[in-house]
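Asks: Just a sequence and a predicted model for now, questions to come.
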Amino acid sequence: MRWDGQAVAADEGALPGLERAGLARLGLVRTVRTPEFADVTFHEVLAKSALSKVPAASRMPFGWTVNPYRGCSHACRYCISPDTLVLMADGRPQPIRDVRVGDRIVGTRLDDAGERRYVETTVLAWWVTRRRAHRVTLRNGTRVVASDDHRFLVAERGWTHVARDEVSLGRRPFLTTHDRLVGPGPRAAGAATIGQVAVASDGLGVASVEDLGVEEEMIDITTGTGDFIANGVVSHNCFARPTHEYLDLDAGRDFDSQVVVKTNVDEVLRAELARPSWKREPVAMGTNTDPYQRAEGRYRLMPGIIGALADSGTPFSILTKGTLLRRDLPLIAEAAQRVKVGVGVSLAFADSPADEELQQSVEPGTPTPRARLDLVRAVRAAGLPCGVMVAPVLPWLTDSRDHLRRLLDAIADAGATGVTVVPLHLKPGTREWYLQWLEREHPRAVAGYGRVYARGTYALEAYRQWLWDRVEPLLTERGFRSSGHRSRSGATGRFPEELQPHDEGDYPAGALAGMPRDGGGLEVAGAGIEQVLF
């Protein structure tokens, strides 16, 4: 693919006169729009820092990342009407329009036994947006007006969107008159509910969901638990948006459409890497967002980042699904002559027609298994090591010996130098969509998933051990157990502490040397491994 046509030209699409104090503090140079990115505005800034320290609370086995972009055009858009009553921690119901950052309200959290309990939480962000309105009416007469993207907690089904999404052809779960919402009810007192198990759904059955056919001003908040009580029912909210407010950008629409690009990230990175205090610790890229997202074709930031890391003697790793990585393979190969480099590709399905059909059903819009295997071959042809994350393994769908054998055969044939196997994680949000898809497409597997994921996000230890017992001999037969990286492939989370990465199979360059084999515990601010690593 030719990328010349997407290169940035001087003053191309510039929008003069846009003034935002937060962006000015960040070093705003210009704001641009371009036809190939409809409805997205790029704010090109001169960044003051490039290296990002992984939070101390994180259990990730690497300390540094580089993120050249901020914002996301695919963010969820939760919101409800301004007069919706939020349950405050002192028991008062208060319209969400009057809720403020710092207020203490009632949220929920799963305890160690997997039971959902009411807890106090703090409002971290508050914003206004406009969305098409839908009215949810319950059998007890309660009404809530919300966007179609908003999610409520449904008994037995989990987090469920208000209405069908026509774009995704109904693949996401949406409310029906068969659903019962979970919550304390509209007359509950906050102080009385905190600490109790939130299982009641009496009288909270859905009577109707109506598209009102108009856009209305709506409000959303971010809380410490990721939810709150709206008109007596448990309501989801968005986690990531508050970061945009630091830039004086709206946490609603702006987060979706205003993308900050650190155009000088390579220069700033070079300066930071030249400091005497820099210890040349491994830098992991692709740990939060894919560095080879589509905008990289326009801005070409990765070549400068790669060059700065290599010139400073800093080892680095790149994890991606995108084929745009091929553009920089010569540069990455040259860097590998000077520093330790890791390259990884995530791949969960074999490449037969039936496997690709399943893959497109589960991961619509992502590169096919064949395309990702070709990417592995290209990385190896460039003389680079390439690890593969076999993730996620889907119980009853892709964990058979036949599928694992065919997938590992294809990975070995492509020349991969290491494999890590990670079972499916069903974090909130993903869980509800996946289980609805499973019930529709593979109903016989539903009961089994209820057992394997009985305690929440992670598969039970018994299943992880079973998967490791199954996959270990397959890895050994194909030579994926001889290196430090390969010895950490598997599912149980246990491995010999004395083993250290020492050859080309170690992906990514020592950055994940301590990664549990099941990915468990790799969390940053509540995110599961699929958010942190993929």
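Replies: Perfect, I can see it now.

Asks: a helix runs through Gly456, doesn't it?
Replies: No: counting by DSSP: H, G, I helix; E, B strand; the rest coil, Gly456 is not found in a helix; it is coil.

Asks: That one reaches Glu115, doesn't it?
Replies: No: look at Gly456 against Glu115 with C-beta atoms under 8 Å: they stay out of range, at 10.1 Å. To be clear about C-beta, it is placed using only N, CA and C from the backbone, and glycine gets the same treatment.

Asks: What are the boundaries of the helices in the stretch 201-350 of the chain?
Replies: 242-245, 253-257, 265-273, 296-299, 302-312, 329-336 (DSSP state H, counting those that start in this stretch).

Asks: For Thr121, see how far away the closest residue to Leu301 other than its chain neighbours is.
Replies: Closest residue in space to Leu301, ignoring its immediate chain neighbours: Pro68 at 4.3 Å, by C-beta to C-beta, 6 or more residues apart in numbering. Per C-beta to C-beta, to the nearest Å, Pro68 is found 33 Å from Thr121.

Asks: Compare the two and say which is more crowded by neighbours.
Replies: Ranked by neighbour count (other C-beta atoms under 10 Å), Pro68 and Thr121 place Pro68 first, with 25 against 20.

Asks: got the phi/psi numbers for that one?
Replies: Main-chain dihedrals, Pro68, degrees, to the nearest 10: phi -80, psi -10.

Asks: which element follows the lengthiest strand in the chain toward the C-terminus?
Replies: Longest strand in the chain by number of residues (criterion: DSSP state E): strand 116-138. The element immediately downstream of strand 116-138 (helix or strand, assigned by DSSP states H and E) is strand 143-146.

Asks: just checking, what packs against the next helix or strand after that following strand?
Replies: Where DSSP H and E defines the elements, the next helix or strand beyond strand 143-146 is strand 151-154. Contact here means 3 or more C-beta pairs under 8 Å, 6 or more residues apart in numbering; DSSP states H and E; on that basis strand 151-154 packs against strand 158-161, strand 233-236.

Asks: So which of those is nearest Thr193?
Replies: Thr193 lies closest, by C-beta to C-beta, to one member of the helices and strands packed on strand 151-154: strand 233-236, at 10.9 Å.

Asks: picking that back up, what is the rounded mean pLDDT of the longest strand of the chain?
Replies: For strand 116-138, mean pLDDT rounds to 86.

Asks: Only the buried residues of it, if you could.
Replies: 116-121, 123-127, 129, 131, 133-134, 136, 138 (16 or more other C-beta atoms under 10 Å).

Asks: ok, now stretch 441-457?
Replies: 442, 445, 449, 452-453, 457.

Asks: gap between the two ends of it?
Replies: 21 Å (C-alpha to C-alpha, to the nearest Å).

Asks: Could you do stretch 319-328 as well?
Replies: End residues of stretch 319-328 are separated by 14 Å (C-alpha to C-alpha).

Asks: Pull out the buried positions in that stretch.
Replies: Going by 16+ other C-beta under 10 Å, stretch 319-328 has these buried residues: 319-325, 327-328.

Asks: Look at the closest residue to Pro369 other than its chain neighbours and tell me its secondary structure.
Replies: The spatially closest residue to Pro369, leaving aside those adjacent along the chain, is Asp351, at 4.2 Å (C-beta to C-beta, 6+ apart). Under three-state DSSP, Asp351 falls in the coil class.

Asks: what residues are up against Asp351?
Replies: Contacts of Asp351 were listed using C-beta atoms under 8 Å, 6 or more residues apart in numbering, and they are 368-370, 373, 410.

Asks: Take the residues you listed and lay them out in a markdown table including neighbour count, secondary structure and distance to Phe42.
Replies: Conversion of the contacts of Asp351 to a markdown table gives the following (neighbours: other C-beta atoms under 10 Å; DSSP: H, G, I helix; E, B strand; the rest coil; distance: C-beta to C-beta, whole Å):
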| residue | neighbour count | secondary structure | distance to Phe42 |
| --- | --- | --- | --- |
| Thr368 | 15 | coil | 29 |
| Pro369 | 23 | helix | 32 |
| Arg370 | 16 | helix | 32 |
| Leu373 | 23 | helix | 33 |
| Ala410 | 22 | helix | 38 |
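
Asks: so Phe349 touches Leu358, yeah?
Replies: Yes: in this structure Phe349 lies within contact range of Leu358 using C-beta under 8 Å: 6.3 Å.

Asks: In terms of neighbours, single out the busier of the two.
Replies: Phe349 (26 against 21).

Asks: Would you mind listing the residues in contact with the more buried one?
Replies: Per C-beta under 8 Å, 6+ apart, neighbours of Phe349: 355-356, 358-359, 369, 398, 407.

Asks: rewinding a little: any idea how far the residue nearest to Leu301 lies from Arg275?
Replies: Taking C-beta to C-beta, one finds Pro68 at 20 Å from Arg275.

Asks: With Ala336 instead?
Replies: Taken as C-beta to C-beta, the span from Ala336 to Arg275 is 24 Å.

Asks: So between those two, which is more surrounded?
Replies: Ala336 (21 against 10).

Asks: Pro184 is in contact with Ile229, isn't it?
Replies: Yes: applying C-beta under 8 Å as the test, Pro184 and Ile229 come out as touching, 6.6 Å apart.

Asks: got any residues that touch both of those two?
Replies: Joint contacts of Pro184 and Ile229 (C-beta under 8 Å, 6+ apart) are Leu87.

Asks: more crowded one of the two?
Replies: Neighbour count, other C-beta under 10 Å: between Pro184 and Ile229, Ile229 has more, with 27 against 22.

Asks: Let me see the contact set for Ala454.
Replies: Ala454 touches 114, 460, counting by C-beta under 8 Å, 6+ apart.

Asks: Which positions are bridged to the residue nearest to Pro93 when sequence neighbours are not counted in the beta structure?
Replies: The shortest distance from Pro93 to any non-neighbouring residue, by C-beta to C-beta, 6+ apart, is to Leu85 (3.9 Å). Counting by DSSP bridges, Leu85 is bridged to Pro95.

Asks: Next: Leu181.
Replies: Beta-bridge partners, per DSSP bridges, of Leu181: Val154.

Asks: From Ala163, how far off is the nearest residue to Gly304 once chain neighbours are set aside?
Replies: Of all residues not flanking Gly304 in the chain, Asp266 sits nearest, at 2.7 Å (C-beta to C-beta, 6+ apart). Counting by C-beta to C-beta, the gap from Asp266 to Ala163 is 44 Å.

Asks: of those two, who's got more company?
Replies: Asp266 (22 against 19).
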